[in-house]
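[1] Any chance you can model this:
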Amino acid sequence: MAEVVIVPDAARAGAIVADEIVALIRRRPDAVLGLATGSTPLPVYEALHGRIDGVDVSQVRGFALDEYVGLDPAHPESYRSVITREVVEPLGLDPDRIRTPDGSLAGIEHAGEDYEAAIEAAGGVDLQILGVGTDGHIGFNEPGSSFASRTRVKTLTRRTREDNARFFDTVDEVPRHCITQGIGTILRARHLVLLAFGEGKAAAVAGAVEGPVTASLPGSAIQLHPHVTVVVDEAAASRLERADYYRFAWDNKPVWQGI
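    As a prediction, the model looks like this:
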């Protein structure tokens with residue numbers, strides 16, 4: 001069972017996860033972080049900014065979950081640009097140690113295999129930050145994605161493109177393809193931390209945590225992982241049947257265990 005932490009708001013969620021990441025870096029200066037983009041992980045990155053002073057992050061490595069195919073890496077909404085703007089620069093990370101999948105058309109046929117090899121060469125991801133889509137997708141693994149899938153090119157659904165259109169002028173500007181870590185890739189990380197905020201994510205959270213394990217809801221794959229922490233606000237937790245137990249377990253958890 002995943003550990004579920006129900007918090008008052010996104011800021012508290014960010015603080016809890018940031019504390020865990022700082023502790024990880026102190027234990028392992030060359031820690032490998034799995035970095036998600038979008039609005040959901042922003043409270044984590046913001047909280048990290050206030051906690052990273054005095055912590056040596058020069059050796060920290062990172063791998064982004066995904067990237068658009070065919071979008072110039074210099075485009076402000078490429079995930080390379082987003083990670084640089086929201087994570088690398090504010091936290092003072094070494095940009096040469098932070099990677100995103102290569103979404104350029106040249107070499108796209110082997111870009112997934114190249115990314116998998118890079119993750120393996122780094123020793124794997126220590127802590128993977130995840131969001132979850134309203135349809136239950138994680139990364140860009142849309143419903144129906146294999147739980148054994150590795151980094152590969154995927155076609156985005158209309159719904160996902162519409163969800164992401166807020167970052168572009170029109171939905172037609174959102175690329176139709178992406179390269180994303182597969183569910184199998186994500187499950188190899190040593191610790192998964194899934195965040196979700198707002199009532200719009202409540203059904204996806206309930207399905208991921210308490211529903212059947214099914215490729216129709218990719219987020220449910222977290223139930224197969226031995227170390228998962230789900231951090232949600234009250235609205236996103238509103239459909240969880242065991243919410244009272246999750247609150248009790250968190251309130252009585254030994255502090256030294258972290259998350």
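
[2] surely residue 19 meets residue 51?
    Yes. Between residue 19 and residue 51 there is a contact under C-beta atoms under 8 Å: 7.0 Å. The C-beta positions use only the backbone N, C-alpha and C, and glycine is treated the same way.

[3] helices and strands around the helix ranked longest in the chain, which ones?
    The longest helix of the chain (DSSP state H) is helix 10-27. Where contact means 3 or more C-beta pairs under 8 Å, 6 or more residues apart in numbering; DSSP states H and E, helix 10-27 is packed against strand 3-7, helix 42-49, strand 127-130, strand 191-196, strand 228-233.

[4] In JSON lines, list these along with distance to residue 158 and mean pLDDT.
    Below are those laid out as JSON lines (distance: least, C-beta to C-beta, whole Å; pLDDT from 0 to 100):
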{"stretch": "strand 3-7", "distance to residue 158": "31", "mean pLDDT": "98"}
{"stretch": "helix 42-49", "distance to residue 158": "25", "mean pLDDT": "97"}
{"stretch": "strand 127-130", "distance to residue 158": "23", "mean pLDDT": "98"}
{"stretch": "strand 191-196", "distance to residue 158": "22", "mean pLDDT": "98"}
{"stretch": "strand 228-233", "distance to residue 158": "26", "mean pLDDT": "98"}
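
[5] Using a markdown table, lay out the ones you listed together with distance to residue 73 and mean neighbour count.
    Below are the helices and strands packed on helix 10-27 laid out as a markdown table (distance: least, C-beta to C-beta, whole Å; neighbours: other C-beta atoms under 10 Å):
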| stretch | distance to residue 73 | mean neighbour count |
| --- | --- | --- |
| strand 3-7 | 35 | 20 |
| helix 42-49 | 20 | 20 |
| strand 127-130 | 21 | 24 |
| strand 191-196 | 26 | 25 |
| strand 228-233 | 30 | 24 |
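
[6] In CSV, list those along with distance to residue 181.
    Putting those into CSV (distance: least, C-beta to C-beta, whole Å) gives the following:
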stretch, distance to residue 181
strand 3-7, 22
helix 42-49, 18
strand 127-130, 9
strand 191-196, 12
strand 228-233, 16
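
[7] so which of the ones you listed gets nearest residue 151?
    strand 127-130 (13.2 Å; C-beta to C-beta).

[8] Parallel or antiparallel, which strands does that closest one pair with?
    Pairing partners of strand 127-130, with direction, according to DSSP bridges: strand 32-35 (parallel), strand 191-196 (parallel).

[9] Let me have those in JSON lines, adding distance to residue 132 as columns.
    What follows is these, written out as JSON lines (distance: least, C-beta to C-beta, whole Å):
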{"stretch": "strand 32-35", "distance to residue 132": "14"}
{"stretch": "strand 191-196", "distance to residue 132": "5"}
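
[10] out of these, which comes closest to residue 212?
    Going by C-beta to C-beta, the one of the strands paired with strand 127-130 nearest residue 212 is strand 191-196, 17.3 Å.

[11] and the angle from the helix or strand following that closest one to strand 228-233?
    Next in sequence after strand 191-196, counting helices and strands by DSSP states H and E, comes helix 202-210. Using axes from the mean of the first three to the mean of the last three C-alpha atoms, to 10 degrees, the direction of helix 202-210 lies 150 degrees away from that of strand 228-233.

[12] which helices and strands does helix 202-210 pack with?
    Partner elements for helix 202-210 (3+ C-beta pairs under 8 Å, 6+ apart): strand 191-196, strand 228-233.

[13] Let me know the secondary structure of the residue nearest to residue 68 when sequence neighbours are not counted.
    In this structure, residue 68 finds its nearest non-sequential neighbour in residue 175, 4.2 Å apart by C-beta to C-beta, 6 or more residues apart in numbering. Per DSSP: H, G, I helix; E, B strand; the rest coil, the local secondary structure of residue 175 is coil.
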